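Engineer: I would like the atomic coordinates for the input below:
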Amino acid sequence: DLHEFLSLNSNGKSEKSLPDFYVVSLQEVKSKPTNMLMDALFDDPWTNSIRSLLETRDYVKLKTIRLQGLVLSVYTLRKHLFNVREIESEYTRTGLSGMWGNKGAVSIRLGAYGCSICFVNAHLTAHDEGLSDRVEDYNTIIKDQEFHVPEHTEIFFHDYVFWMGDLNFRLLEEYEKTPEEIERSIKKGELNELFNHDQLRHVMSNGKAFSELTEGNPEFPPTFKFEVGTDDYDYKRRPAWTDRILYKVNSDNYENVTLKIEQKSYVAHKSYTISDHKPVSAEFMIKIPEVTMNVDTQVFAENVEQAVQFQKIPFWYLEEENSAVYKLLKDIPKNKDDWIGVFKENFSSLDDYILYEYVNKSSSPLPTSKSPRHGNESQGLKYSLNFPELPVGRSAPRVQLVYFSLAEDNVQSVLGVSDPIPLVKKE
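Structural biologist: Presented below is the predicted three-dimensional model:
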């Protein structure tokens with residue numbers, strides 16, 4: 001049951017304020033070299049379970065990226081779909097000197113209402129004595145990851161950054177306490193004394209790693225290492241806070257507005273016993289400038305509405321070719337790989353299209369009136385696009401069309417969604 005992990009009520013009631021976004025980072029998800037192709041094509045059981053739970057609350061999965069056992073997924077409430085742009089992912093292998101992906105990082109960056117956000121899920125080198133390797137992992141990741149959105153090409157070139165995962169930092173080696181002694185301190189409630197010897201805070205303070213980021217103080221006991229199926233620490237390793245969530249805000253990126261983060265919670269979920277780690281979660285509130293604010297209106301106004309409008313379609317025929325008409329509501333760059341997907345009504349993932357057509361290869365402009373127009377010549381033009389017959393058995397009572405902008409570097413944005421289209425069988 002993942003309700004507690006996602007801070008949801010099992011009956012779905014009394015949920016007064018749902019988060020606008022969920023970001024879920026997983027490590028050590030079961031992965032075998034023989035399954036790597038399947039892992040790349042299909043979501044893992046954990047992601048499927050989380051998605052099934054969130055879709056009942058009207059969330060849509062924007063993106064999942066997987067590197068062997070590392071999985072990062074971002075979900076948004078459907079109402080924000082038009083306001084999330086330029087979605088891109090990256091990954092970095094650090095295992096076996098960068099040759100293997102059992103350790104490393106995956107990331108997803110996006111723009112939300114004009115603000116840039118980057119999420120990083122990392123699994124760093126293990127063991128008490130691996131501190132210098134963890135520092136090296138971190139610096140490798142921030143140097144290696146490169147995005148293709150202008151002005152946001154690096155992790156820390158974003159308005160907001162959230163870094164999470166099994167960072168594997170332990171207690172300092174010079175803190176010469178045994179696992180049994182550390183557990184006795186935990187039971188006595190001496191968490192602050194233990195935390196004074198935390199390796200992560202040590203390297204943050206001396207500037208070797210993670211010094212760009214901030215972390216709320218964990219007020220929960222160490223989340224590693226437990227005997228699977230119990231709440232008992234496993235004395236094979238010294239207890240440590242290996243599972244962490246950190247953040248950064250570049251507060252002065254815009255004139256006349258100060259961006260900020262407020263951390264609302266930071267908790268470990270003790271009830272889960274299927275791993276030798278206890279999962280942690282945090283809730284944040286971030287400031288997004290309103291279009292009405294006296295800021296760079298061009299930056300924010302372009303990201304608050306759909307750019308493509310589909311003409312209402314009364315119905316489509318099953319097992320026949322169908323067509324759709326759409327128009328551009330504003331001047332947008334047209335990429336050669338822009339595409340329109342056919343989805344089931346109330347789809348819960350941007351990956352779950354039934355079929356698709358590339359816009360540049362298949363659409364054609366419709367005749368227009370001779371009345372004078374202003375602005376870009378393409379703005380306001382209507383286009384027609386034909387679709388092949390829907391695969392039998394994969395359709396639904398109603399479908400929706402989604403227009404995707406896809407740049408050459410796989411930077412993707414949703415620019416328009418149609419009303420539901422009923423499917424009927426031709427008599």
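
Engineer: Show me which helix runs longest in the protein.
Structural biologist: Selection of the longest helix in the chain by residue count, based on DSSP state H, yields helix 131-144.

Engineer: buried stuff in it?
Structural biologist: Judged by neighbour count using 16 or more other CB atoms under 10 Å, the buried positions of helix 131-144 are 131, 133, 134, 135, 136, 137, 138, 140, 141, 142, 144. (Each C-beta comes from the backbone N, C-alpha and C, glycine too.)

Engineer: What count of nearby residues applies to the closest residue in space to the last one that isn't next to it in sequence?
Structural biologist: By that I understand residue 144. In space, and not counting its chain neighbours, residue 144 is closest to residue 92: 4.5 Å by CB to CB, 6 or more residues apart in numbering. By other CB atoms under 10 Å, the residues close to residue 92 number 23.

Engineer: what sits against residue 92?
Structural biologist: Taking CB atoms under 8 Å, 6 or more residues apart in numbering as the criterion, residue 92 is in contact with 98, 104, 105, 106, 140, 141, 144, 145.

Engineer: Would you agree the last one is in contact with residue 89?
Structural biologist: No - in this structure, residue 145 is not within contact of residue 89 by CB atoms under 8 Å, at 9.9 Å.

Engineer: shared neighbours of those two, anything?
Structural biologist: By CB under 8 Å, 6+ apart, the residues touching both residue 145 and residue 89 are residue 107.

Engineer: What separation is there between the nearest residue to residue 142 once chain neighbours are set aside and residue 331?
Structural biologist: Counting by CB to CB, 6+ apart, the nearest residue to residue 142 once its immediate chain neighbours are dropped is residue 155, at 5.6 Å. According to CB to CB, to the nearest Å, residue 155 and residue 331 sit 31 Å apart.

Engineer: With residue 281 instead?
Structural biologist: 41 Å.

Engineer: and residue 107, how many neighbours?
Structural biologist: For residue 107, using other CB under 10 Å, the count is 23.

Engineer: how about it, what does it touch?
Structural biologist: Here residue 107 is in contact with 65, 72, 89, 90, 91, 118, 119, 120, 121, 145, 155 (CB under 8 Å, 6+ apart).

Engineer: Tell me who's in contact with the closest residue to residue 59 other than its chain neighbours.
Structural biologist: Of all residues not flanking residue 59 in the chain, residue 75 sits nearest, at 4.4 Å (CB to CB, 6+ apart). The contact partners of residue 75, taken as CB under 8 Å, 6+ apart, are 21, 22, 23, 24, 50, 51, 54, 59, 60, 61, 62.

Engineer: Just put those in JSON lines and tack on distance to residue 276.
Structural biologist: Output for the contacts of residue 75, formatted as JSON lines (distance: CB to CB, whole Å):
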{"residue": "21", "distance to residue 276": "29"}
{"residue": "22", "distance to residue 276": "24"}
{"residue": "23", "distance to residue 276": "23"}
{"residue": "24", "distance to residue 276": "19"}
{"residue": "50", "distance to residue 276": "21"}
{"residue": "51", "distance to residue 276": "25"}
{"residue": "54", "distance to residue 276": "26"}
{"residue": "59", "distance to residue 276": "29"}
{"residue": "60", "distance to residue 276": "33"}
{"residue": "61", "distance to residue 276": "28"}
{"residue": "62", "distance to residue 276": "31"}
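
Engineer: out of those residues, which are inside strands?
Structural biologist: Among the contacts of residue 75, DSSP state E puts 21, 22, 23, 24, 59, 60, 61, 62 in strands.

Engineer: about what we covered before: and the contacts of residue 107, which is closest to residue 309?
Structural biologist: Comparing the contacts of residue 107 against residue 309 with CB to CB picks out residue 89 as the nearest, at 28.3 Å.

Engineer: In three-state terms, label that closest one for me.
Structural biologist: Look at residue 89: counting by DSSP: H, G, I helix; E, B strand; the rest coil, its state is strand.

Engineer: so the closest residue to it other than its chain neighbours is in which element?
Structural biologist: Closest residue to residue 89 apart from its sequence neighbours, by CB to CB, 6+ apart: residue 65 at 4.0 Å. Residue 65 belongs to strand 59-67 when assigned by DSSP states H and E.

Engineer: I'd like the average pLDDT over that strand.
Structural biologist: Here strand 59-67 scores 97 as its mean pLDDT.

Engineer: Same question for stretch 43-51.
Structural biologist: Rounded mean pLDDT across stretch 43-51 is 91.

Engineer: buried stuff in it?
Structural biologist: Within stretch 43-51, the residues that count as buried by 16+ other CB under 10 Å are 43, 44, 47, 50, 51.

Engineer: cool, and stretch 417-427?
Structural biologist: 417, 418, 420, 421, 423.
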